[in-house]
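[1] Got a predicted structure plus its sequence, pasted below:
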Amino acid sequence: MGVKIKYIVDELKFELVHASIDYKDIEIESSDINRPGLQLNGYYSNFVKDRIQLIGTQEWHYINSMEDKMRYETLEKLFIYDIPAVIFSRNAEIFPQAIELAKKYNVTILRSPDSTSKVFSKIISLVEDELAPTMRMHGVLLDISGIGVLITGRSGIGKSETALDLISNGARLISDDSVIIKNLDKRLIGKSPEITKYFMEIRGVGIIDIQKMFGVGFVMEEKEIEVVVNLEDWDESKEYERLGLDNKYQSILGIDVVRFDIPVKPGRHTALIIEVATKNYKQKELGYNPAEALNNRLMGGKRN
């Protein structure tokens, strides 16, 4: 699995100065980028050719200081490798020797008006996002009081209706029904498929547009998932959590996420319970566990 150079160019609006014959098929499999300062000085030991080569301001001025013949010979030592692309930052002038060598060795040349550091960070961010382990989950993702909450449960149990209740109370919608989840640097980032972004399906009403109905302050592009709330049908024979001394967890893409199993039945204000569970989680993260506080009080650890 890799990321096509063409996709990077299209997404980041880079100028395509010269396209290699196989430009549309070239992929990179790492977000690492190389600034070939050492290579321009002739040091190619441990050179990783599969990376995009970034010609920044310092590299450009160094190359520009050379005589034409030396510039050609210096760049040829780089272009002779099967590198995926060379990109020039700050709309730098592209040396004629670079164009000539790109045609000779079938190398793509790109250019960006951005600073070297900005080009660097843009490419890394985009490629890491595309290469990150990814999955889809059936559920609704909300931002509740600053916490990313993924609501799961069987179809028809009331996830969207509960989410709508929370949105009307200030929560923000990231995705309804299908959530795309990526493991980015040990953080689970959830977002919506582009085609269904900010839409919700409410049984008995139909499709609604949360952004148009409530405003831009009630939607978000993406959010880190910190809590999973699983809605399930009330089971009289099941013993549900009564104290909350210890957290339950659910593994998503190898990361353990705090999970609450909330039983649903007529008369229970599910949205309010989810809001309370989220705020309780937030308190625990800040170091206060009300279940432990009550237990200490009962055991004589704290008296009023």
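    Done, it's in. Residues are numbered from 1 along each chain as shown.
[2] Count the neighbours of the residue nearest to Met200 when sequence neighbours are not counted for me.
    Excluding the flanking residues, the one nearest Met200 by CB to CB, 6 or more residues apart in numbering is Asp176, at 4.3 Å. (C-beta placed from N, C-alpha, C; glycine too.) By the criterion of other CB atoms under 10 Å, Asp176 has 26 neighbours.
[3] cool, and the one 3 residues further on?
    For Val179, the neighbour count with other CB under 10 Å is 23.
[4] Confirm it sits in a strand?
    Yes: with DSSP: H, G, I helix; E, B strand; the rest coil as the criterion, Val179 is part of a strand.
[5] So it sits against Leu150, correct?
    Yes: in this structure Val179 lies within contact range of Leu150 using CB atoms under 8 Å: 6.5 Å.
[6] any residues in contact with both of the two?
    Residues touching both Val179 and Leu150 by CB atoms under 8 Å, 6 or more residues apart in numbering: 137, 139-141, 190.
[7] so which of those residues comes closest to Ser237?
    Gly139 (25.8 Å; CB to CB).
[8] which residue packs closest to that closest one, ignoring adjacent ones?
    Gly139's closest residue in space is Thr152 (CB to CB, 6+ apart), at 4.2 Å.
[9] The one you found: what secondary structure?
    Recorded secondary structure, Thr152: strand (three-state DSSP).
[10] for it, what are its contacts?
    137-139, 159, 228-231.
[11] And those residues, which is closest to Lys4?
    Met137 (26.4 Å).
[12] ok, the host helix or strand of that closest one: who's next to it in the sheet?
    In this assignment (DSSP states H and E), Met137 forms part of strand 134-138. On the basis of DSSP bridges, the sheet neighbours of strand 134-138 come out as strand 178-184 (antiparallel).
[13] Show the average pLDDT along the partner strand.
    Average pLDDT, strand 178-184: 95.
[14] so how far is the helix or strand following it from its chain's centroid?
    Where DSSP H and E defines the elements, the next helix or strand beyond strand 178-184 is strand 187-191. Offset of strand 187-191 from its chain centre (CA atoms, centre = their mean, to the nearest Å): 6 Å.
[15] So which other helices or strands are in contact with strand 187-191?
    Applying 3 or more CB pairs under 8 Å, 6 or more residues apart in numbering; DSSP states H and E, one finds that strand 187-191 contacts strand 172-175, strand 178-184, strand 222-224, strand 255-264.
[16] Next, the angle strand 255-264 makes with that strand.
    50 degrees (axes from the mean of the first three to the mean of the last three CA atoms, to 10 degrees).
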